[in-house]
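[1] give me coordinates for this.
(one chain, ligands or ions: 2)
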Amino acid sequence: MKLVVKFGGVPVKDGRSIRKAAELIIDRCKKRDKLVVVTSAMAGVTEELATIARKLVAPHANPKQLIPEFMKHISNKHFEACRVAIADKEVIYQATRTVRDTLDNLQRVLTGVSYLGELSPRSQDLVLSFGERLSAPILAGAIKSLGVPSKHLTGFEAGIITDDRYTEARPLLKKTRKLVQQHLNKILAAGEVPVVTGFIAGTEDGVITTLGRGGSDYTASILGASLGVDEIWIMTDVDGIMTADPKAEPNARVIEVISYLEATELAYFGAKVLHPQMIKPAMELDIPVRVRNAFKPGHEGTLIVRKPKRTEKIVKAITASKHISLITVGGAGMIGTPGVAATVFDILGQADIKVLMISQSSSQANISFAVDQKQLDAALRALRAEFAKRQIDWSITYDQNASIIATVGAGMKGKLGVAARVFNTMGRNQVNILMIAQGSSELNISFAINERDAAKAVHALHDEFRLGKGR
Ligand code: ASP
Ligand code: MG
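    Ligands and ions are numbered 1, 2, ... in the order given. I've put the predicted structure just below:
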């Protein structure tokens, strides 16, 4: 089989796990599979890079203290991982040298950021790219020291070319496909295992871009689709896609098979296992995706395909996205006025606010929408400023702490009474609904509630639709 196998943050969290990942890869090589490996940064590293960059551009930052402290921490972590993950002395030496050069480069970049005192999206991508650039040579070294030739390369070197929307770049698929085939097939033909950095790519001019947080999954599916592999495996630290977040719902269990569309809805609505964009390239070519636990290679995990065999389950999973804010624009002046929604969303679009969910009352007296809590202030500011400028007197109110609950499942399509069951369940449990939207796909019913009710809502719905263990 030809496979793309991606290892996420926790499965490469330290030297020991990296070695385990390498063993799993070797195992597949022995079975004569052709593998392209994608790796994320070591667990937590991308976040640490984001934090240090933010600290360095804060007012009154002290780079003379911050940078050496950070460099010491990050160097120790990766040097230690080299020593533990790699068995062969010579290979440890090579990997350590690559890691050291990359760390020197990172230090220069951080110093540059601190001098500039600002962090453009482009520099942010550059800073965040270091996590994967540090982990890939270690995993490649671990594979090599177990006796299989391996080569590490960046997503850009592997052929992924994107537009220049830094922090959320999108691949230029035609060019990417051609380049990926050229670059990776050569490495595969030489009998080497390519280890590609997830998450990062580059513009046509070679400037580093990233595919958005959690983007290594996306890298895996872009590479898989470009090469036309048999399957794409996402190796993570959970057993697969679950019927609910197991931290909130002890009865949650692994979903065995799910469709591309359901998986996309789930990813979008906060099941953190997959990057929401990652399904599309796989779906276009009908490549099965498997989400598996890297630490339990015997488990099948979740299989994602176009058309799972029918299950009688109406709802497959319940998710809760936290840290959501709701904004309502209202006012009698809005009734019958054309272009209200256009005006509001135009303002938000200009301000780069991502709207997660929209609902408009049929009287048109108000329009509500959900945004990430982090974007609440920016959204309010943009609306107030533009309303003032355009002399619009619509009122703006908001709920800061909301959660969007989504019930997802293809079985809901055309099935009468599902929405009634969902909302009755909420009523019975005294969960107040703040806003409702049904995706036109009928694959999901989602609604917003107060964040403090989120766990209760998930639990009640999980029970109502009998998603738990032993059902
Ligand atoms: N390392 C990146 C992140 O933390 C990408 C990934 O893990 O998929 O967002
Ligand atoms: Mg992830």
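[2] W233 contacts R290, doesn't it?
    Yes: with contact defined as C-beta atoms under 8 Å, W233 reaches R290; the gap is 4.9 Å. Just so you know, the C-beta spots here come from the backbone N, C-alpha and C atoms, and that holds for glycine as well.
[3] higher neighbour count, the two?
    W233 (25 against 18; other C-beta atoms under 10 Å).
[4] ok, the more buried one - contacts?
    With contact set as C-beta atoms under 8 Å, 6 or more residues apart in numbering, W233 has these partners: L3, V4, V5, K6, A220, V289, R290, R292.
[5] before we move on, what about Q350?
    A382.
[6] which bits of the stretch 51-200 of the chain sit near ligand 1?
    G131, G198, F199 (C-beta under 6 Å from any ligand atom).
[7] ranges for the strands of the stretch 201-350 of the chain?
    208-210, 231-236, 257-259, 289-293, 302-305, 317-330 (DSSP state E, counting those that start in this stretch).
[8] nearest to ligand 1, out of the ones you listed?
    In terms of C-beta to the nearest ligand atom, the element of the strands of the stretch 201-350 of the chain nearest to ligand 1 is strand 208-210, at 7.6 Å.
[9] what about the helices in the stretch 351-471 of the chain?
    Using DSSP state H, counting those that start in this stretch, the helices of the stretch 351-471 of the chain run over residues 376-390, 418-428, 454-464.
[10] export those to JSON lines and tack on mean neighbour count, distance to C82 and mean pLDDT?
    Output for the helices of the stretch 351-471 of the chain, formatted as JSON lines (neighbours: other C-beta atoms under 10 Å; distance: least, C-beta to C-beta, whole Å; pLDDT from 0 to 100):
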{"stretch": "helix 376-390", "mean neighbour count": "15", "distance to C82": "41", "mean pLDDT": "96"}
{"stretch": "helix 418-428", "mean neighbour count": "16", "distance to C82": "51", "mean pLDDT": "94"}
{"stretch": "helix 454-464", "mean neighbour count": "20", "distance to C82": "41", "mean pLDDT": "96"}
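[11] hang on, the earlier thing: CSV for the strands of the stretch 201-350 of the chain, including mean pLDDT?
    Formatted as CSV, those follow (pLDDT from 0 to 100):
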stretch, mean pLDDT
strand 208-210, 98
strand 231-236, 97
strand 257-259, 94
strand 289-293, 96
strand 302-305, 96
strand 317-330, 94
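[12] of these, flag the one that's most buried.
    strand 208-210 (a mean of 27; mean count of other C-beta atoms under 10 Å).
[13] that strand pairs with which strands, parallel or anti?
    strand 200-202 (antiparallel) (DSSP bridges).
[14] just give me the closest of the contacts of W233 to ligand 2.
    Proximity of the contacts of W233 to ligand 2, judged by C-beta to the ion, is greatest for K6, which lies at 8.8 Å.
[15] quick one on the thing from earlier: in strands only, show me the residues of the stretch 51-200 of the chain next to ligand 1.
    Among those, DSSP state E puts none in strands.
[16] can I get these in CSV with distance to Q182, neighbour count and pLDDT?
    As requested, those are exported to CSV (distance: C-beta to C-beta, whole Å; neighbours: other C-beta atoms under 10 Å; pLDDT from 0 to 100):
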residue, distance to Q182, neighbour count, pLDDT
G131, 26, 30, 98
G198, 20, 31, 98
F199, 22, 28, 98
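[17] quick one: name the residues of the stretch 101-250 of the chain near ligand 2.
    Within reach of ligand 2 by C-beta under 5 Å from the ion, the stretch 101-250 of the chain has these residues: G214.
[18] where does the stretch 101-250 of the chain have low pLDDT?
    Low-confidence segments of the stretch 101-250 of the chain, defined by pLDDT under 70, are absent.
[19] and the residue of it closest to ligand 1?
    S216 (3.2 Å).
[20] not counting stretch 40-53 itself, show me its contacts.
    Here stretch 40-53 has contacts from 6-10, 12-14, 18, 66-67, 70, 73-74, 77-78, 81, 110, 113, 119, 123-124, 127-128, 130-132, 134-135, 198-199, 213, 216, using C-beta under 8 Å, 6+ apart.
[21] try 7 Å
    7-10, 12-13, 66, 70, 77, 81, 110, 113, 119, 124, 127-128, 130-132, 135, 198-199, 216 (C-beta atoms under 7 Å, 6 or more residues apart in numbering).
[22] was I right to think G228 contacts L285?
    Yes: in this structure G228 lies within contact range of L285 using C-beta atoms under 7 Å: 6.4 Å.
[23] how about whichever residue of the stretch 151-300 of the chain sits closest to ligand 2: what's its closest non-neighbour residue?
    Per C-beta to the ion, G214 is where the stretch 151-300 of the chain lies closest to ligand 2, at 4.1 Å. Nearest residue to G214 in three dimensions, chain neighbours excluded: H275, at 4.5 Å (C-beta to C-beta, 6 or more residues apart in numbering).
[24] tally of neighbours for that neighbour?
    23.
[25] just how off-centre is stretch 462-469 within its chain?
    26 Å (C-alpha atoms, centre = their mean, to the nearest Å).
[26] endpoints of that stretch, how far apart?
    Distance across stretch 462-469, first residue to last, is 10 Å (C-alpha to C-alpha, to the nearest Å).
[27] beta partners of the residue lying closest to I234 once chain neighbours are set aside?
    Counting by C-beta to C-beta, 6+ apart, V291 is the residue found nearest to I234 once chain neighbours are left out, at 4.8 Å. As for beta bridges, V291 partners with I234, T302 under DSSP bridges.
[28] could you check the pLDDT of K272?
    What the model reports as pLDDT for K272 is 73.
[29] equivalent analysis for the one 3 residues further on, please.
    Confidence at H275, expressed as pLDDT, is 91.
[30] got it, and G331?
    82.
[31] so who does I258 touch?
    Listed by C-beta under 7 Å, 6+ apart, the contact partners of I258 are I241, T302, I304, P308, K316.
[32] so who does the last one touch?
    When the contact criterion is C-beta under 7 Å, 6+ apart, the partners of K316 are T243, I255, I258, E262, V408, G409.
[33] now V193: how far from K151?
    Here V193 is placed at a distance of 8 Å from K151 (C-beta to C-beta, to the nearest Å).
[34] who has more neighbours, those two?
    Using other C-beta under 10 Å as the criterion, V193 and K151 rank with V193 on top: 25 against 17.
[35] show me what contacts the more buried one?
    V193 neighbours (C-beta under 7 Å, 6+ apart): I25, C29, L35, V37, I143, V148, S150.
[36] one more: F345?
    Here F345 is in contact with V355 (C-beta under 7 Å, 6+ apart).
[37] equivalent analysis for V148, please.
    I26, C29, V193.
[38] hmm, T203 is touching D164, no?
    Yes: the criterion here is C-beta under 7 Å, and T203 meets it with D164 at 4.8 Å.
[39] hey, what's in contact with both of these two?
    What both T203 and D164 touch, as defined by C-beta under 7 Å, 6+ apart, is the set T209.
[40] once you drop chain neighbours, what's closest to E442?
    K413 (4.5 Å).
[41] for ligand 1, see how far away the one you found is.
    31 Å (C-beta to the nearest ligand atom, to the nearest Å).
[42] pick out the most distant pair among the contacts of K316.
    Spatially, the most separated pair among the contacts of K316 is T243 and E262, at 11.7 Å (C-beta to C-beta).
[43] quick one: which of the two has more around it?
    More crowded of T243 and E262, by other C-beta under 10 Å: T243, with 27 against 24.
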